[in-house]
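J.: Quick one: sequence and predicted model below, then my questions.
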Amino acid sequence: MSEMTHSQAEELAGAFALGALDRDEDAAVRAHLADCREAHPELEAALGAGIVMAESLEPVSPSASVRDRLMATIERMPQAKSQPGVEPARDSRRGWLDWLSPRVARPLAVAAVAAVIAVGAWNIGLQSQLGQRDAALRAIASAISGGQAAFRVEGQAGHGYVVETPGEGAALVVTDLADLPPDRIYELWLLNPAGSPVAVGTLASTQDAVAVVQLERDLSGFSIFAVTVEAERVTAPSSDPVILGVLGSS
Amino acid sequence: MTDSATLQDDGQLAQRIRSGDRAALGEVYDRHASAAMAVALRIVADREGAEDLVHDTFVAIWQKIDRFDPARGSLRSWIVTIVRNRAIDRLRGTRPSIEIGEADERSMLRSGPNPTWDSAMARLGAVQLRAALDELPAEQRQAIELAYFGGRTYREIATMTGVPLGTANGRLRLALARLRELLRQSDVAPVSVTAGDER
(Lines give C-alpha, C1' and ligand atoms only; values in the text may rest on other atoms or scores of the structure.)
Protein backbone atom coordinates (compact mmCIF):
# COMPACT_ATOMS: atom_id res chain seq x y z
CA MET A 1 0.00 0.00 0.00
CA SER A 2 1.30 3.46 -0.88
CA GLU A 3 2.22 5.89 1.86
CA MET A 4 -0.76 7.10 3.83
CA THR A 5 -1.49 10.79 4.20
CA HIS A 6 -2.28 12.47 7.47
CA SER A 7 -5.91 12.95 6.61
CA GLN A 8 -6.28 9.38 5.36
CA ALA A 9 -4.93 8.10 8.66
CA GLU A 10 -7.30 10.27 10.62
CA GLU A 11 -10.24 9.13 8.52
CA LEU A 12 -9.50 5.55 9.45
CA ALA A 13 -9.40 6.31 13.18
CA GLY A 14 -12.51 4.36 14.09
CA ALA A 15 -11.61 1.31 12.05
CA PHE A 16 -8.06 1.38 13.37
CA ALA A 17 -9.15 1.63 17.00
CA LEU A 18 -11.53 -1.31 16.60
CA GLY A 19 -9.09 -3.48 14.68
CA ALA A 20 -11.24 -3.23 11.57
CA LEU A 21 -8.52 -2.54 9.03
CA ASP A 22 -6.99 -5.16 6.83
CA ARG A 23 -3.34 -5.96 7.43
CA ASP A 24 -1.93 -3.56 4.85
CA GLU A 25 -4.03 -0.61 5.95
CA ASP A 26 -3.28 -1.31 9.59
CA ALA A 27 0.44 -1.33 8.82
CA ALA A 28 0.12 1.86 6.80
CA VAL A 29 -1.57 3.69 9.67
CA ARG A 30 1.15 2.51 12.04
CA ALA A 31 3.86 3.59 9.64
CA HIS A 32 2.22 6.97 9.34
CA LEU A 33 1.98 7.37 13.11
CA ALA A 34 5.61 6.44 13.48
CA ASP A 35 6.75 9.13 11.07
CA CYS A 36 4.24 11.95 11.36
CA ARG A 37 4.87 14.72 13.86
CA GLU A 38 1.44 16.30 13.51
CA ALA A 39 -1.25 15.78 16.09
CA HIS A 40 -3.78 13.01 15.43
CA PRO A 41 -6.74 14.07 17.52
CA GLU A 42 -9.21 11.64 16.06
CA LEU A 43 -6.92 8.67 16.27
CA GLU A 44 -5.90 9.55 19.78
CA ALA A 45 -9.49 9.96 20.83
CA ALA A 46 -10.53 6.65 19.31
CA LEU A 47 -7.77 4.42 20.65
CA GLY A 48 -8.93 2.22 23.50
CA ALA A 49 -12.55 2.11 22.41
CA GLY A 50 -12.48 -1.63 22.02
CA ILE A 51 -12.09 -2.10 25.74
CA VAL A 52 -15.29 -0.14 26.29
CA MET A 53 -17.04 -2.65 24.07
CA ALA A 54 -15.68 -5.48 26.16
CA GLU A 55 -16.59 -3.82 29.43
CA SER A 56 -20.15 -3.29 28.28
CA LEU A 57 -20.77 -7.02 28.57
CA GLU A 58 -22.15 -8.58 31.71
CA PRO A 59 -19.42 -10.66 33.34
CA VAL A 60 -19.82 -14.41 32.93
CA SER A 61 -18.13 -16.76 35.38
CA PRO A 62 -16.33 -19.69 33.82
CA SER A 63 -16.94 -23.10 35.36
CA ALA A 64 -14.89 -23.78 38.47
CA SER A 65 -13.08 -26.52 36.59
CA VAL A 66 -11.44 -23.95 34.33
CA ARG A 67 -9.55 -22.43 37.24
CA ASP A 68 -8.53 -25.88 38.45
CA ARG A 69 -7.34 -26.81 34.97
CA LEU A 70 -5.44 -23.55 34.66
CA MET A 71 -3.62 -24.01 37.94
CA ALA A 72 -2.78 -27.63 37.03
CA THR A 73 -1.46 -26.49 33.66
CA ILE A 74 0.84 -23.80 34.97
CA GLU A 75 2.07 -26.04 37.78
CA ARG A 76 4.22 -27.88 35.25
CA MET A 77 4.76 -25.01 32.86
CA PRO A 78 7.77 -22.73 33.08
CA GLN A 79 7.47 -19.08 32.20
CA ALA A 80 9.10 -17.92 29.01
CA LYS A 81 12.34 -16.36 30.12
CA SER A 82 15.68 -15.92 28.50
CA GLN A 83 17.80 -19.02 28.85
CA PRO A 84 21.00 -17.83 30.52
CA GLY A 85 23.83 -20.25 30.81
CA VAL A 86 22.80 -22.59 28.04
CA GLU A 87 25.97 -23.43 26.17
CA PRO A 88 26.45 -25.14 22.84
CA ALA A 89 27.14 -28.83 23.14
CA ARG A 90 30.26 -28.37 21.08
CA ASP A 91 32.16 -25.73 19.24
CA SER A 92 30.51 -24.73 16.01
CA ARG A 93 30.59 -21.96 13.47
CA ARG A 94 27.22 -20.87 14.61
CA GLY A 95 26.30 -21.23 18.25
CA TRP A 96 23.11 -22.99 19.17
CA LEU A 97 21.89 -19.96 21.01
CA ASP A 98 22.16 -17.86 17.88
CA TRP A 99 19.15 -19.72 16.63
CA LEU A 100 17.03 -18.59 19.52
CA SER A 101 16.69 -15.03 18.32
CA PRO A 102 13.23 -14.21 17.03
CA ARG A 103 12.79 -14.91 13.36
CA VAL A 104 10.00 -14.44 10.96
CA ALA A 105 7.98 -17.58 11.43
CA ARG A 106 5.72 -19.39 9.07
CA PRO A 107 3.47 -20.82 11.74
CA LEU A 108 2.36 -24.37 11.38
CA ALA A 109 -1.24 -24.57 10.34
CA VAL A 110 -2.31 -26.68 13.29
CA ALA A 111 -5.86 -26.54 12.09
CA ALA A 112 -4.73 -28.19 8.90
CA VAL A 113 -3.03 -30.87 10.94
CA ALA A 114 -6.29 -31.44 12.75
CA ALA A 115 -8.05 -31.70 9.43
CA VAL A 116 -5.56 -34.29 8.23
CA ILE A 117 -6.23 -36.33 11.33
CA ALA A 118 -9.95 -35.96 10.85
CA VAL A 119 -10.00 -37.25 7.30
CA GLY A 120 -7.68 -40.11 8.03
CA ALA A 121 -5.17 -39.04 5.42
CA TRP A 122 -2.36 -39.04 7.89
CA ASN A 123 0.95 -40.44 6.81
CA ILE A 124 3.37 -40.96 9.57
CA GLY A 125 6.47 -41.10 7.44
CA LEU A 126 9.10 -43.40 8.85
CA GLN A 127 7.29 -43.98 12.10
CA SER A 128 5.99 -47.29 10.97
CA GLN A 129 5.01 -48.78 14.27
CA LEU A 130 1.34 -48.39 14.85
CA GLY A 131 1.74 -47.84 18.58
CA GLN A 132 4.12 -44.97 18.04
CA ARG A 133 1.88 -43.43 15.45
CA ASP A 134 -1.16 -43.69 17.63
CA ALA A 135 0.68 -42.22 20.58
CA ALA A 136 1.82 -39.29 18.49
CA LEU A 137 -1.63 -38.72 17.09
CA ARG A 138 -3.16 -38.82 20.52
CA ALA A 139 -0.60 -36.35 21.79
CA ILE A 140 -1.28 -33.95 18.95
CA ALA A 141 -5.03 -34.34 19.03
CA SER A 142 -5.01 -33.80 22.76
CA ALA A 143 -2.82 -30.74 22.43
CA ILE A 144 -5.04 -29.35 19.73
CA SER A 145 -8.28 -29.95 21.56
CA GLY A 146 -7.16 -29.52 25.13
CA GLY A 147 -5.09 -26.39 25.05
CA GLN A 148 -1.86 -28.20 25.90
CA ALA A 149 1.41 -26.47 25.44
CA ALA A 150 2.67 -26.50 21.90
CA PHE A 151 6.19 -25.15 21.57
CA ARG A 152 7.08 -23.64 18.25
CA VAL A 153 10.24 -24.91 16.65
CA GLU A 154 11.74 -23.66 13.44
CA GLY A 155 14.85 -23.42 11.35
CA GLN A 156 16.25 -23.79 7.89
CA ALA A 157 15.01 -27.39 7.63
CA GLY A 158 11.37 -26.76 8.47
CA HIS A 159 9.04 -25.63 11.16
CA GLY A 160 6.49 -27.07 13.48
CA TYR A 161 5.66 -27.75 17.07
CA VAL A 162 6.70 -29.96 19.92
CA VAL A 163 3.59 -30.98 21.82
CA GLU A 164 3.30 -32.87 25.06
CA THR A 165 0.43 -34.65 26.72
CA PRO A 166 0.82 -35.70 30.34
CA GLY A 167 1.28 -39.44 30.59
CA GLU A 168 1.75 -39.86 26.85
CA GLY A 169 5.03 -38.14 26.24
CA ALA A 170 5.98 -35.60 23.63
CA ALA A 171 5.92 -35.51 19.87
CA LEU A 172 7.44 -33.41 17.13
CA VAL A 173 5.09 -32.26 14.39
CA VAL A 174 6.99 -30.68 11.55
CA THR A 175 5.99 -29.47 8.14
CA ASP A 176 7.87 -28.62 4.96
CA LEU A 177 10.81 -30.69 6.09
CA ALA A 178 13.77 -30.12 3.81
CA ASP A 179 14.99 -33.07 1.75
CA LEU A 180 18.18 -34.80 2.84
CA PRO A 181 20.72 -36.82 0.89
CA PRO A 182 20.08 -40.55 1.26
CA ASP A 183 23.06 -40.94 3.57
CA ARG A 184 21.86 -38.38 6.08
CA ILE A 185 19.20 -38.41 8.77
CA TYR A 186 17.69 -35.87 11.08
CA GLU A 187 18.45 -36.48 14.75
CA LEU A 188 16.27 -34.97 17.45
CA TRP A 189 17.64 -33.60 20.71
CA LEU A 190 16.45 -32.27 24.01
CA LEU A 191 18.80 -30.01 25.94
CA ASN A 192 18.65 -29.42 29.65
CA PRO A 193 19.22 -25.90 31.07
CA ALA A 194 22.94 -26.64 31.31
CA GLY A 195 22.99 -27.24 27.56
CA SER A 196 23.61 -31.00 27.63
CA PRO A 197 21.90 -32.73 24.69
CA VAL A 198 20.05 -36.03 24.89
CA ALA A 199 19.16 -37.84 21.66
CA VAL A 200 15.42 -38.48 21.49
CA GLY A 201 14.84 -39.88 18.00
CA THR A 202 15.66 -39.77 14.33
CA LEU A 203 13.84 -38.99 11.12
CA ALA A 204 14.82 -39.40 7.49
CA SER A 205 13.67 -37.29 4.58
CA THR A 206 10.03 -37.66 3.86
CA GLN A 207 7.76 -36.57 1.08
CA ASP A 208 4.94 -36.15 3.55
CA ALA A 209 3.63 -32.66 4.02
CA VAL A 210 3.63 -33.22 7.75
CA ALA A 211 5.89 -35.55 9.68
CA VAL A 212 5.33 -36.70 13.23
CA VAL A 213 7.90 -38.27 15.51
CA GLN A 214 7.20 -39.46 19.01
CA LEU A 215 10.10 -38.32 21.20
CA GLU A 216 11.82 -40.94 23.28
CA ARG A 217 11.70 -38.76 26.38
CA ASP A 218 9.15 -36.41 27.86
CA LEU A 219 10.03 -32.75 28.16
CA SER A 220 10.43 -32.45 31.91
CA GLY A 221 13.85 -31.14 32.82
CA PHE A 222 14.60 -29.94 29.30
CA SER A 223 14.53 -26.38 28.05
CA ILE A 224 15.48 -26.59 24.36
CA PHE A 225 14.52 -28.82 21.47
CA ALA A 226 16.82 -29.13 18.47
CA VAL A 227 17.26 -31.10 15.27
CA THR A 228 20.60 -31.73 13.59
CA VAL A 229 21.62 -33.52 10.42
CA GLU A 230 23.79 -36.56 11.02
CA ALA A 231 25.19 -39.49 9.05
CA GLU A 232 23.82 -41.89 11.62
CA ARG A 233 22.37 -41.78 15.09
CA VAL A 234 24.98 -40.31 17.42
CA THR A 235 25.18 -39.52 21.11
CA ALA A 236 26.32 -35.93 20.69
CA PRO A 237 25.40 -33.59 17.84
CA SER A 238 28.08 -33.14 15.22
CA SER A 239 26.50 -30.27 13.33
CA ASP A 240 24.61 -27.06 13.84
CA PRO A 241 20.89 -27.31 14.55
CA VAL A 242 18.64 -26.98 11.55
CA ILE A 243 15.51 -26.70 13.69
CA LEU A 244 15.41 -25.24 17.17
CA GLY A 245 12.89 -24.11 19.75
CA VAL A 246 12.67 -23.05 23.36
CA LEU A 247 10.39 -25.26 25.47
CA GLY A 248 8.28 -22.79 27.33
CA SER A 249 8.06 -20.42 24.38
CA SER A 250 5.12 -21.43 22.23
CA MET B 1 -15.55 -0.60 36.82
CA THR B 2 -11.77 -0.46 36.98
CA ASP B 3 -10.81 1.81 39.84
CA SER B 4 -7.35 3.06 40.66
CA ALA B 5 -6.95 0.66 43.58
CA THR B 6 -7.64 -2.25 41.24
CA LEU B 7 -5.09 -0.95 38.76
CA GLN B 8 -2.49 -0.60 41.50
CA ASP B 9 -3.19 -4.08 42.82
CA ASP B 10 -3.04 -5.48 39.32
CA GLY B 11 0.39 -3.96 38.90
CA GLN B 12 1.56 -5.70 42.04
CA LEU B 13 0.01 -8.97 40.94
CA ALA B 14 1.75 -8.69 37.59
CA GLN B 15 5.04 -8.25 39.39
CA ARG B 16 4.35 -11.33 41.48
CA ILE B 17 3.53 -13.35 38.38
CA ARG B 18 6.80 -12.18 36.86
CA SER B 19 8.60 -13.61 39.86
CA GLY B 20 6.94 -16.97 39.26
CA ASP B 21 4.19 -16.69 41.86
CA ARG B 22 1.46 -19.03 40.65
CA ALA B 23 -0.96 -17.93 43.36
CA ALA B 24 -0.80 -14.42 41.92
CA LEU B 25 -2.01 -15.73 38.58
CA GLY B 26 -4.89 -17.32 40.45
CA GLU B 27 -5.75 -13.95 41.96
CA VAL B 28 -5.61 -12.27 38.57
CA TYR B 29 -7.84 -15.01 37.22
CA ASP B 30 -10.33 -14.47 40.03
CA ARG B 31 -10.45 -10.76 39.22
CA HIS B 32 -10.66 -10.81 35.47
CA ALA B 33 -11.73 -14.24 34.23
CA SER B 34 -15.40 -13.29 34.17
CA ALA B 35 -14.68 -10.30 31.94
CA ALA B 36 -12.56 -12.47 29.66
CA MET B 37 -15.27 -15.14 29.62
CA ALA B 38 -17.90 -12.59 28.67
CA VAL B 39 -15.89 -11.46 25.67
CA ALA B 40 -15.02 -14.98 24.57
CA LEU B 41 -18.60 -16.19 24.95
CA ARG B 42 -19.98 -13.20 23.08
CA ILE B 43 -17.68 -13.90 20.16
CA VAL B 44 -17.72 -17.68 19.88
CA ALA B 45 -21.22 -18.26 21.36
CA ASP B 46 -20.12 -21.59 22.76
CA ARG B 47 -19.54 -21.97 26.49
CA GLU B 48 -17.07 -24.83 26.26
CA GLY B 49 -15.10 -23.10 23.55
CA ALA B 50 -15.14 -19.85 25.50
CA GLU B 51 -13.83 -21.60 28.60
CA ASP B 52 -11.00 -23.11 26.57
CA LEU B 53 -10.12 -19.64 25.32
CA VAL B 54 -10.13 -18.23 28.83
CA HIS B 55 -7.91 -21.06 30.01
CA ASP B 56 -5.48 -20.55 27.13
CA THR B 57 -5.43 -16.82 27.68
CA PHE B 58 -4.38 -17.14 31.29
CA VAL B 59 -1.81 -19.75 30.38
CA ALA B 60 -0.42 -17.25 27.90
CA ILE B 61 -0.36 -14.60 30.58
CA TRP B 62 1.56 -16.92 32.84
CA GLN B 63 4.05 -17.73 30.13
CA LYS B 64 4.53 -14.28 28.68
CA ILE B 65 3.97 -11.89 31.55
CA ASP B 66 7.27 -10.25 30.60
CA ARG B 67 5.47 -8.80 27.60
CA PHE B 68 2.96 -6.94 29.72
CA ASP B 69 3.79 -3.23 29.71
CA PRO B 70 1.62 -1.21 32.11
CA ALA B 71 2.49 1.94 30.17
CA ARG B 72 0.49 0.57 27.25
CA GLY B 73 -2.62 -0.31 29.18
CA SER B 74 -4.03 -2.05 32.20
CA LEU B 75 -3.64 -5.72 32.96
CA ARG B 76 -7.37 -6.14 32.45
CA SER B 77 -7.14 -4.52 29.02
CA TRP B 78 -4.27 -6.82 28.14
CA ILE B 79 -6.24 -9.88 29.19
CA VAL B 80 -9.34 -8.78 27.31
CA THR B 81 -7.28 -7.98 24.22
CA ILE B 82 -5.66 -11.39 24.23
CA VAL B 83 -8.87 -13.31 24.72
CA ARG B 84 -10.68 -11.24 22.12
CA ASN B 85 -7.97 -11.87 19.51
CA ARG B 86 -8.03 -15.59 20.23
CA ALA B 87 -11.78 -15.72 20.05
CA ILE B 88 -11.75 -13.94 16.70
CA ASP B 89 -9.14 -16.43 15.47
CA ARG B 90 -11.42 -19.28 16.51
CA LEU B 91 -14.38 -17.60 14.87
CA ARG B 92 -12.42 -17.42 11.63
CA GLY B 93 -11.42 -21.05 11.89
CA THR B 94 -7.84 -20.30 12.76
CA ARG B 95 -6.60 -22.15 15.79
CA PRO B 96 -5.71 -19.63 18.48
CA SER B 97 -2.14 -19.85 19.60
CA ILE B 98 -1.02 -19.87 23.20
CA GLU B 99 1.57 -17.40 22.08
CA ILE B 100 1.11 -13.74 22.83
CA GLY B 101 2.07 -12.51 19.46
CA GLU B 102 2.54 -9.47 17.34
CA ALA B 103 -1.19 -9.17 16.79
CA ASP B 104 -1.80 -8.81 20.50
CA GLU B 105 0.90 -6.21 20.81
CA ARG B 106 -0.52 -4.31 17.88
CA SER B 107 -3.89 -4.52 19.56
CA MET B 108 -2.49 -3.16 22.79
CA LEU B 109 -1.45 -0.04 20.93
CA ARG B 110 -5.09 0.32 20.05
CA SER B 111 -6.05 -0.38 23.65
CA GLY B 112 -3.60 1.96 25.31
CA PRO B 113 -4.55 4.47 27.96
CA ASN B 114 -7.14 6.96 26.80
CA PRO B 115 -8.54 9.52 29.24
CA THR B 116 -12.05 9.44 27.81
CA TRP B 117 -12.53 5.70 27.86
CA ASP B 118 -10.54 5.18 31.03
CA SER B 119 -12.58 7.77 32.86
CA ALA B 120 -15.80 6.16 31.71
CA MET B 121 -14.68 2.71 32.74
CA ALA B 122 -13.59 3.97 36.14
CA ARG B 123 -17.03 5.47 36.78
CA LEU B 124 -19.44 3.30 34.89
CA GLY B 125 -20.31 -0.34 34.91
CA ALA B 126 -21.46 -2.69 32.21
CA VAL B 127 -25.07 -1.61 32.42
CA GLN B 128 -24.24 2.06 31.96
CA LEU B 129 -21.78 1.38 29.16
CA ARG B 130 -24.38 -0.72 27.43
CA ALA B 131 -26.94 2.02 27.88
CA ALA B 132 -24.59 4.42 26.11
CA LEU B 133 -24.11 1.93 23.28
CA ASP B 134 -27.88 1.55 23.05
CA GLU B 135 -28.19 5.26 22.31
CA LEU B 136 -26.15 4.95 19.14
CA PRO B 137 -28.02 4.80 15.84
CA ALA B 138 -28.65 1.14 15.02
CA GLU B 139 -26.41 1.08 11.96
CA GLN B 140 -23.52 2.58 13.90
CA ARG B 141 -23.90 0.14 16.74
CA GLN B 142 -24.10 -2.72 14.28
CA ALA B 143 -20.90 -1.54 12.61
CA ILE B 144 -18.84 -1.36 15.79
CA GLU B 145 -20.18 -4.69 17.02
CA LEU B 146 -19.31 -6.37 13.73
CA ALA B 147 -15.83 -4.87 14.02
CA TYR B 148 -15.08 -5.66 17.64
CA PHE B 149 -17.09 -8.79 18.35
CA GLY B 150 -17.15 -10.12 14.81
CA GLY B 151 -13.58 -9.33 13.85
CA ARG B 152 -14.75 -7.79 10.59
CA THR B 153 -12.86 -5.16 8.68
CA TYR B 154 -14.74 -2.11 7.51
CA ARG B 155 -14.45 -3.47 4.00
CA GLU B 156 -16.18 -6.66 5.08
CA ILE B 157 -18.76 -4.64 6.97
CA ALA B 158 -19.48 -2.66 3.82
CA THR B 159 -20.09 -5.86 1.89
CA MET B 160 -22.18 -7.43 4.63
CA THR B 161 -24.39 -4.41 5.07
CA GLY B 162 -24.52 -3.40 1.43
CA VAL B 163 -23.12 0.09 1.83
CA PRO B 164 -20.14 1.85 0.21
CA LEU B 165 -16.74 1.55 1.87
CA GLY B 166 -16.80 5.18 2.92
CA THR B 167 -20.13 4.68 4.62
CA ALA B 168 -18.94 1.66 6.57
CA ASN B 169 -15.80 3.47 7.64
CA GLY B 170 -17.80 6.57 8.46
CA ARG B 171 -20.16 4.60 10.68
CA LEU B 172 -17.25 3.39 12.76
CA ARG B 173 -15.90 6.93 13.11
CA LEU B 174 -19.25 8.41 13.93
CA ALA B 175 -20.08 5.66 16.38
CA LEU B 176 -16.95 6.23 18.40
CA ALA B 177 -17.36 10.01 18.30
CA ARG B 178 -20.94 9.71 19.47
CA LEU B 179 -20.07 7.18 22.14
CA ARG B 180 -17.32 9.45 23.41
CA GLU B 181 -19.79 12.29 23.63
CA LEU B 182 -22.35 10.17 25.45
CA LEU B 183 -19.78 9.08 27.98
CA ARG B 184 -18.56 12.64 28.47
CA GLN B 185 -22.12 13.72 29.14
CA SER B 186 -22.31 11.02 31.77
CA ASP B 187 -19.70 13.00 33.71
CA VAL B 188 -22.49 15.45 34.39
CA ALA B 189 -25.55 13.27 34.19
CA PRO B 190 -24.86 9.56 34.36
CA VAL B 191 -26.22 7.50 31.53
CA SER B 192 -29.59 6.27 32.65
CA VAL B 193 -29.72 2.78 33.98
CA THR B 194 -32.56 0.51 34.85
CA ALA B 195 -30.68 -2.07 36.83
CA GLY B 196 -27.74 -2.14 39.19
CA ASP B 197 -24.32 -2.86 37.84
CA GLU B 198 -23.15 -6.18 39.16
CA ARG B 199 -19.53 -5.68 38.24
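T.: Looks like it came in fine.
J.: so where does the nearest residue to residue B:62 once chain neighbours are set aside fall, helix or strand?
T.: In space, and not counting its chain neighbours, residue B:62 is closest to residue A:74: 4.6 Å by CB to CB, 6 or more residues apart in numbering or on different chains. Where you see a C-beta, it was placed from the backbone N, CA and C, and this is true even at glycine. Under the criterion of DSSP states H and E, residue A:74 resides in helix A:64-75.
J.: what packs against that helix?
T.: Packing partners of helix A:64-75 (3 or more CB pairs under 8 Å, 6 or more residues apart in numbering or on different chains; DSSP states H and E): helix B:22-44, helix B:47-63.
J.: Now the last one: buried residues?
T.: Which is helix B:47-63. Using 16 or more other CB atoms under 10 Å in any protein chain shown as the test for burial, helix B:47-63 gives B:49-63.
J.: and chain B, what are its domains?
T.: As assigned by automatic domain parsing, chain B contains the domains B:4-113, B:116-188.
J.: Can you lay out the ones you listed as TSV showing mean pLDDT?
T.: Formatted as TSV, the domains of chain B follow (pLDDT from 0 to 100):
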stretch	mean pLDDT
domain B:4-113	82
domain B:116-188	91
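J.: Minimum distance to residue A:18: which of those has it?
T.: domain B:116-188 (4.0 Å; CB to CB).
J.: how far out from the middle of the chain is that closest one?
T.: 13 Å (CA atoms, centre = their mean, to the nearest Å).
J.: ok, back up a step: could you give the number of residues near the residue nearest to residue B:62?
T.: When neighbours are defined as other CB atoms under 10 Å in any protein chain shown, residue A:74 has 20 of them.
J.: List the contacts of it.
T.: By CB atoms under 8 Å, 6 or more residues apart in numbering or on different chains, residue A:74 lies in contact with B:22, B:25, B:59, B:62.
J.: Next: residue B:120.
T.: With contacts defined as CB under 8 Å, 6+ apart, residue B:120 is in contact with A:52, B:129, B:132, B:183, B:186.
J.: so the second one is in which element?
T.: Assigned by DSSP H and E, residue B:129 falls within helix B:126-134.
J.: which helices and strands does that helix pack with?
T.: Where contact means 3+ CB pairs under 8 Å, 6+ apart, helix B:126-134 is packed against helix A:49-55, helix B:115-123, helix B:138-148, helix B:165-188.
J.: Taking their axis directions, the second one and helix B:126-134 sit at what angle?
T.: Here helix B:115-123 runs at 140 degrees with respect to helix B:126-134, directions being taken by axes from the mean of the first three to the mean of the last three CA atoms, to 10 degrees.
J.: Which positions within helix B:115-123 qualify as buried?
T.: So helix B:115-123, judged by 16+ other CB under 10 Å, has buried residues B:116-118, B:120-121, B:123.
J.: between that helix and helix B:165-188, how big is the angle?
T.: Using the same axes, to 10 degrees: helix B:115-123 against helix B:165-188 is 50 degrees.
J.: so how far is helix B:115-123 off the chain centroid?
T.: Put simply, helix B:115-123 sits 13 Å off its chain's centre (CA atoms, centre = their mean).
J.: do stretch B:153-169 and chain A meet?
T.: Yes. Under the criterion of CB under 8 Å from any CB of the partner chain, chain A is reached by stretch B:153-169 at B:153-155, B:157, B:169.
J.: Could you dump these into JSON lines and include neighbour count and secondary structure?
T.: Output for the residues of stretch B:153-169 next to chain A, formatted as JSON lines (neighbours: other CB atoms under 10 Å in any protein chain shown; DSSP: H, G, I helix; E, B strand; the rest coil):
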{"residue": "B:153", "neighbour count": "22", "secondary structure": "coil"}
{"residue": "B:154", "neighbour count": "28", "secondary structure": "helix"}
{"residue": "B:155", "neighbour count": "16", "secondary structure": "helix"}
{"residue": "B:157", "neighbour count": "25", "secondary structure": "helix"}
{"residue": "B:169", "neighbour count": "24", "secondary structure": "helix"}
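J.: any idea how far the residue nearest the centre of chain B lies from residue A:39?
T.: With distances taken as CA atoms, centre = their mean, residue B:80 lies nearest the centre of chain B, 4.6 Å away. With distances taken as CB to CB, to the nearest Å, residue B:80 is found 28 Å from residue A:39.
J.: swap in residue A:72?
T.: Separation of residue A:72 from residue A:39 (CB to CB): 50 Å.
J.: And for residue A:50?
T.: For residue A:50 relative to residue A:39 (CB to CB), the value is 22 Å.
J.: try residue B:178
T.: With distances taken as CB to CB, residue B:178 is found 22 Å from residue A:39.
J.: So which of those two has more stuff around it?
T.: residue B:178 (17 against 10).
J.: right, and that one touches residue B:143 too?
T.: No. At 11.5 Å, residue B:178 does not count as touching residue B:143 under the criterion of CB atoms under 8 Å.
J.: before we move on, the earlier item: now distance to residue A:241 too, for the domains of chain B, in CSV please.
T.: Listed next are these as CSV, based on distance: least, CB to CB, whole Å:
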stretch, distance to residue A:241
domain B:4-113, 21
domain B:116-188, 37
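J.: residue contacts, the closest residue to residue A:17 other than its chain neighbours?
T.: Among residues not flanking residue A:17 along the chain, residue A:46 sits closest, at 3.7 Å (CB to CB, 6+ apart). Counting by CB under 8 Å, 6+ apart, residue A:46 makes contact with A:13-14, A:16-17, B:173, B:176.
J.: The same query, at a cut-off of 10 Å, please.
T.: The contact partners of residue A:46, by CB atoms under 10 Å, 6 or more residues apart in numbering or on different chains, come to A:10, A:12-18, A:40, B:110, B:114, B:116-117, B:172-173, B:175-177, B:179-180.
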